[in-house]
Each structure stands twice: as structure tokens, then as C-alpha cells.
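In: sharing a model prediction with you, sequence too.
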Amino acid sequence: MTAAYVALGSNLGDPRRQVLDAMDALARLPGTQLMRRSRLYRTPPWGVLEQPPFVNAAVLLETGIEPQALLEALLAIEQRAGRVRTERNGPRTLDLDLLHMDGVQSDDAKLTLPHPRIAERAFVLLPLADLAPDLVLPGQGRVADLLPAVDTQGCECLGESRLAE
């Protein structure tokens, strides 16, 4: 089993529900256990600014799924949520990014691990810091040290990501 960190985001439809439903879908992946969920955050759009704010979160999974197969599973969950890839950094029903897998480094056409732009994005670092502030990302640094260097203006914690019991 390998620890894997996944970022979640949505700004179309019911973004909070999309993120929570995606967490449940991740927990149901074969050979995978959802270990922890971050808090939910409302964050301003990044890249294309003329779009609604996002709801973002992150999860820690323990998985026996290989990195490429995990990426394919994430893309399938996005597709089931209605994700259509039309505009880079544009609005989306659901975005799932494989951020890091312990002991795995990859730099190929389909998958780069750790994700190369973690250190630039408050919407990734805020929820990732909830899960693993001391996580060291090869080539980037420790999550808690990266967070002060990004602009968190406009980011708002929405609270726990737990569904009602």
C-alpha cells in the first residue's frame, strides 16, 4: 500500500456536493482506503479569472493501485461527474489531480509526480497542509514551508468535509 495525495476541485453545479461525492468515489476504489479528508475551501479562480469560485479539498489515500492506473481512475471519476475538457484552467464540474505518491517519482507525458505546480497554488497547498504539513515534496520542499509563499487572499475555509452521519 502506498500513500497517495489527491486534490479535488469544482466550480460548476453544486461544487460542495461534487467534491464530497468525489471523496466517496475515491473511498470506493478497489484496493484503496480513504485515510483523511482536508477541510473544504472556497478559493478564487486561477488562470481564467472570469468564472465562479471553486470549492477545493484534498484527501490522503492508502492504495495498492499503480500510479498510472490511479490516474485513469481519477479521470473516470471526473468523467462520471460530467467533466468536459474544453478550456485549460476553465470552469469544471470536477477536477481531480494526483499530487504525490510516497516513494514515486514520474515525469512522462501522462503523469508527473509530484505534481509540478503544487508550490504555486494556494488552492492545493491549503488543503494539503491540513493533511500533511510536514510532507516533503521532492524538488519542491516541505508543504508547511511552501504555503507562506503563495497568495491565499480570497481563500476561505468552509469547514469540515465530513458528510452528515
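Out: The structure has been received and is ready for your questions. Numbers count the residues shown, from 1 in each chain.

In: list the beta-bridge partners for Glu62.
Out: Ala3, Gln33 (DSSP bridges).

In: what's the burial count for it?
Out: Glu62: 15 surrounding residues under other C-beta atoms under 10 Å. Where C-beta positions appear, they are placed from N, C-alpha and C, glycine not excepted.

In: distance check, Gly13 against Leu75.
Out: In this view, Gly13 and Leu75 are 18 Å apart by C-beta to C-beta, to the nearest Å.

In: and Arg121, by the same measure?
Out: 20 Å.

In: ok, Leu128 next?
Out: 21 Å.

In: which one's more surrounded, those two?
Out: Neighbour tally, Leu128 and Leu75, criterion other C-beta under 10 Å: the higher count belongs to Leu128, 29 against 15.

In: my guess is the more buried one meets Ala57, correct?
Out: No: taking contacts as C-beta atoms under 8 Å, Leu128 lies outside contact range of Ala57: 9.7 Å.

In: common neighbours of these two, please.
Out: Counting by C-beta atoms under 8 Å, 6 or more residues apart in numbering, the common neighbours of Leu128 and Ala57 are Ala7, Ser38.
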